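Participant: sharing a model that was predicted from the sequence below.
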Amino acid sequence: AEQYAVAAKVLANTAISTYELWIDELTGSEMTDAEIKAYAKEQASASITDQIPEKVAEALEELGNMDIYGLIIGSIFYRIAGLLLPMVFVIMVANGLLAGQVDSGSMAYVLSTPTKRRTVTVTQMTYLMLSLLAMFLLVTVTSVVSIWIVGGNEFTINFVEILLLNLGAFLTMFAFAGFCFMCSSIFNRSKYSMSIGGGISILMLVCTILGLFGSDVVPAAMRIGQMNFFNYLSIISLFDATSILSGGMDFLWKFGILALIGIYAFYISRKQT
């Protein structure tokens, strides 16, 4: 800390000396006082920049050019905070639709009628998917209307990107819904379904939070490269918000994988009945 304080003091003194030097040098010239001060400030800033190490200068430049809206909305909200409540909903509902009913005995009552177990499973599966779709449709409409009211020109994120971000969030939760429903159909007991399906889902969300500090969206000055390992432990990493916001197309095949995970998990759930 003392070394940084000393370095900062040296840089400050250098800037002040450079500023005063150019003020004295240009006084009496054809330039106005405002032009002299502006030029002196420019030279003082340049003198500081010349003494800063290259990596530090690059880090400061990266911080200055950082897209705050992209980081907060794309990476923090849609990939972490915005998935928390839907994930809790998916875990609770997926567990209650099959395993919870087995525990309570209501499934035995339903199956005592001519209704087949596979029909019940497909009905519950459809309800979970449609309720999840309705949730994200409402979120998407609210997002678009909010940006339209506030004014799209105030943000670096446009309507197309908002739609793609909501689509990515839906497909991510669709994959989790399939996994949790599969656990509910396989174990047929809430304690196993909740601990495995819900536990792994929450673990992946925690890994995404930890992996954020090692990802490229965080400026190099604050990035911890070793923590990028956690991104490989969560399927949420397939929700590539960075690619969407940068105008890339890499997110398309990742969206496809998320959709396949959900479809295959629901397919296994159906085959278990």
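Facilitator: Yes, it's here.
Participant: ok, the closest residue to residue 232 other than its chain neighbours to residue 258 distance?
Facilitator: Distance criterion CB to CB, 6 or more residues apart in numbering; nearest residue to residue 232, sequence neighbours excluded, is residue 211 at 8.0 Å. In this view, the C-beta of every residue, glycine as well, is placed from N, C-alpha and C. Separation of residue 211 from residue 258 (CB to CB, to the nearest Å): 17 Å.
Participant: again with residue 106
Facilitator: In terms of CB to CB, residue 106 sits 32 Å off from residue 258.
Participant: the two: which is more packed in?
Facilitator: residue 258 (23 against 11; other CB atoms under 10 Å).
Participant: can you pull the contacts of that one?
Facilitator: 168, 171-172, 174-175, 235, 238-239 (CB atoms under 8 Å, 6 or more residues apart in numbering).
Participant: follow-up on the earlier one: run a quick neighbour tally on the residue nearest to residue 232.
Facilitator: 20.
Participant: go ahead and confirm it touches residue 237.
Facilitator: Yes. Between residue 211 and residue 237 there is a contact under CB atoms under 8 Å: 7.1 Å.
Participant: coming back round to it: show me what contacts the residue nearest to residue 232?
Facilitator: With CB under 8 Å, 6+ apart, residue 211 has these contacts: 227-234, 237.
Participant: and it, what element?
Facilitator: helix 199-212 (DSSP states H and E).
Participant: CA atoms of that helix as CSV?
Facilitator: Output of helix 199-212 as CSV, limited to C-alpha atoms (Å, rounded to 0.1, in the frame of the first residue of the first chain):
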residue,chain,number,x,y,z
GLY,A,199,-29.1,-29.5,-5.4
ILE,A,200,-27.3,-29.8,-8.7
SER,A,201,-29.2,-26.9,-10.2
ILE,A,202,-28.3,-24.6,-7.4
LEU,A,203,-24.7,-25.8,-7.5
MET,A,204,-24.5,-24.8,-11.2
LEU,A,205,-25.9,-21.4,-10.4
VAL,A,206,-23.3,-20.9,-7.6
CYS,A,207,-20.6,-22.1,-10.1
THR,A,208,-21.8,-19.4,-12.6
ILE,A,209,-21.5,-16.7,-9.9
LEU,A,210,-18.0,-17.8,-9.1
GLY,A,211,-17.0,-18.2,-12.7
LEU,A,212,-18.2,-14.7,-13.5
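Participant: now, of the contacts of residue 258, which are buried?
Facilitator: Buried members of the contacts of residue 258, counted by 16 or more other CB atoms under 10 Å: 168, 171-172, 174-175, 235, 238-239.
Participant: helices or strands up against the helix or strand where residue 147 lies?
Facilitator: Secondary structure from DSSP H and E places residue 147 in helix 117-150. Counting contacts by 3 or more CB pairs under 8 Å, 6 or more residues apart in numbering; DSSP states H and E, helix 117-150 packs against helix 82-97, helix 106-111, helix 159-187, helix 251-271.
Participant: go again using 7 Å as the cut-off
Facilitator: If you count contacts as 3 or more CB pairs under 7 Å, 6 or more residues apart in numbering; DSSP states H and E, helix 117-150 packs onto helix 82-97, helix 159-187, helix 251-271.
Participant: just to revisit the earlier point, closest one of the buried ones among the contacts of residue 258 to residue 217?
Facilitator: Comparing the buried ones among the contacts of residue 258 against residue 217 with CB to CB places residue 239 closest, at 12.6 Å.
Participant: name the residues of stretch 190-208 that are buried.
Facilitator: 190, 193-194, 196-198, 200-201, 204-205, 207-208.
Participant: which among those residues gets closest to residue 128?
Facilitator: Nearest to residue 128 out of those is residue 197 (CB to CB; 12.3 Å).
Participant: contacts only, for the nearest residue to that closest one once chain neighbours are set aside.
Facilitator: Leaving aside its chain neighbours, residue 197 sits nearest to residue 183 (3.3 Å; criterion: CB to CB, 6+ apart). Contact analysis of residue 183 by CB atoms under 7 Å, 6 or more residues apart in numbering lists 193, 196-197.
Participant: low-confidence ranges, the stretch 1-150 of the chain, go.
Facilitator: 1-15, 18-19, 22, 28, 30, 43-71, 108-109 (pLDDT under 70).
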